[in-house]
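**Q** after the sequence you'll find the predicted model.
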Amino acid sequence: MPSTTPAERRRRSRELPVLRPADGEAIDGFLDALWAESGVARQTLDSYRRDLEGLARWLDGRGGGLAAIDRAGLFDYLAVRTADGYAARSNARLLTALRAFFAHLRRRGEREDDPVALIDPPRLPRSLPKAVGEGEIEALLAAPDVATPDGLRDRAMLELMYACGLRVSELVGLPATAINLRQGVLRVTGKGGRERLVPLGEEAQHWLERYLAEARPALAGKRVLPALFLTASGEPPSRQHFWSTVKRCAAIAGMDPSKISPHSLRHSFATHLLNHGADLRALQMLLGHSSLSTTQIYTLVAREKLKQLHARHHPRG
């Protein structure tokens, strides 16, 4: 059991010392180089920044700060995070950020060794994606009040995410130019700046057409705005905003909001396509996975579903 809640950890992090200028400059330089050289996504850069700044504040200038930390110091920090209830996946991401950070320092000649080199990443539990049943998806999609501009926008966003298997960051970041209604396709820029074309499907296209004709002009007013989806302030909805939308619509649809998230729609898209006979390579392209092995986890989901059906219905199950 975690010894502290996430809210408590956030409160404690705010009480840590202010970031030293030298550490801040080192982190900024590393992230700028990482973006320029590798085209890492903004969400990843933000996560790396939080991880590195958290460690730098915890150090509070001891032993030369972040750039001079040794392996013993890293072990101490990981022990503190574990005691505070940080998940293994969170600690694994921290180590990934640190490996990249110290590789950057070594290339610049600012450090000769890598204190992370002999630290094994935590063992991550293998969890299968949790898809939502097709009937529940229908109820979720029908939940928004399409008589209002906000509701029509929410319906179009839900339909598009499920129809195209988008990541939430891809959805909220779509420009209006990403859609070609005449050809019925969506151009998506995914991780690493990789682009893919995804078919819209009739339902998603219908709701997008209604949103563009009825809701978006009301939300944009006289402003010429680049984002496809808008709030009343003219800004695109944030990931947190869409998260709240999914939770609210799940409650309206009679579902348990704690068991569904925006990513559930992406998992459902993949699982339902596979259940209906989609090819794994085609699914990889639609999801924007760089490796087929990432897509193959959905075959395990489908296999588990078949086992459950067999156990429930076969006389010797």
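**A** Nice, I can see it.
**Q** list the buried residues for the top helix by length along the chain?
**A** Identified as the longest helix of the chain according to DSSP state H is helix 88-107. Residues 91, 93-102, 104-105 are the ones in helix 88-107 that count as buried (16 or more other CB atoms under 10 Å). Every residue, glycine included, has its C-beta placed from N, CA and C.
**Q** can you list these in TSV and add pLDDT and distance to Ala139?
**A** As requested, those are exported to TSV (pLDDT from 0 to 100; distance: CB to CB, whole Å):
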residue	pLDDT	distance to Ala139
Asn91	89	37
Arg93	91	34
Leu94	92	39
Leu95	92	41
Thr96	92	38
Ala97	93	40
Leu98	94	44
Arg99	93	44
Ala100	94	43
Phe101	95	46
Phe102	93	49
His104	94	48
Leu105	93	52
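**Q** shaky segments in the protein?
**A** Scanning the chain for pLDDT under 70 picks out 1-17, 61-64, 124-129, 293-294, 296-317.
**Q** domain map for it?
**A** As given by automatic domain parsing, the domain ranges for the chain are 6-107, 134-313.
**Q** let me have those domains in CSV, adding distance to Pro121 as columns.
**A** Converted to CSV, the domains of the chain look like this (distance: least, CB to CB, whole Å):
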stretch, distance to Pro121
domain 6-107, 5
domain 134-313, 18
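**Q** look up the closest residue to Met255, ignoring the ones flanking it.
**A** Spatial nearest neighbour of Met255, chain neighbours left out: Glu136 (5.9 Å); criterion: CB to CB, 6 or more residues apart in numbering.
**Q** same check, this time on Met161
**A** Leu265 (4.6 Å).
**Q** what about the one you found, which helix or strand?
**A** Element membership for Leu265 (DSSP states H and E) is helix 262-275.
**Q** with only the CA atoms kept, save stretch 57-74 in PDB.
**A** Taking Å, rounded to 0.1, in the frame of the first residue of the first chain, the C-alpha atoms of stretch 57-74 are listed here in PDB:
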ATOM      1  CA  ARG A  57      15.100  19.900  -5.600                       C
ATOM      2  CA  TRP A  58      15.400  16.800  -3.400                       C
ATOM      3  CA  LEU A  59      19.200  17.100  -3.600                       C
ATOM      4  CA  ASP A  60      19.000  20.800  -2.600                       C
ATOM      5  CA  GLY A  61      22.500  21.500  -3.900                       C
ATOM      6  CA  ARG A  62      24.200  18.700  -2.000                       C
ATOM      7  CA  GLY A  63      27.400  17.500  -3.700                       C
ATOM      8  CA  GLY A  64      27.300  19.900  -6.600                       C
ATOM      9  CA  GLY A  65      23.700  19.400  -7.500                       C
ATOM     10  CA  LEU A  66      22.000  17.200 -10.200                       C
ATOM     11  CA  ALA A  67      24.900  17.000 -12.600                       C
ATOM     12  CA  ALA A  68      27.300  15.600  -9.900                       C
ATOM     13  CA  ILE A  69      25.000  13.100  -8.200                       C
ATOM     14  CA  ASP A  70      26.600   9.600  -7.700                       C
ATOM     15  CA  ARG A  71      25.000   6.200  -7.700                       C
ATOM     16  CA  ALA A  72      24.600   6.100  -3.900                       C
ATOM     17  CA  GLY A  73      22.600   9.300  -4.100                       C
ATOM     18  CA  LEU A  74      20.300   7.900  -6.800                       C
END
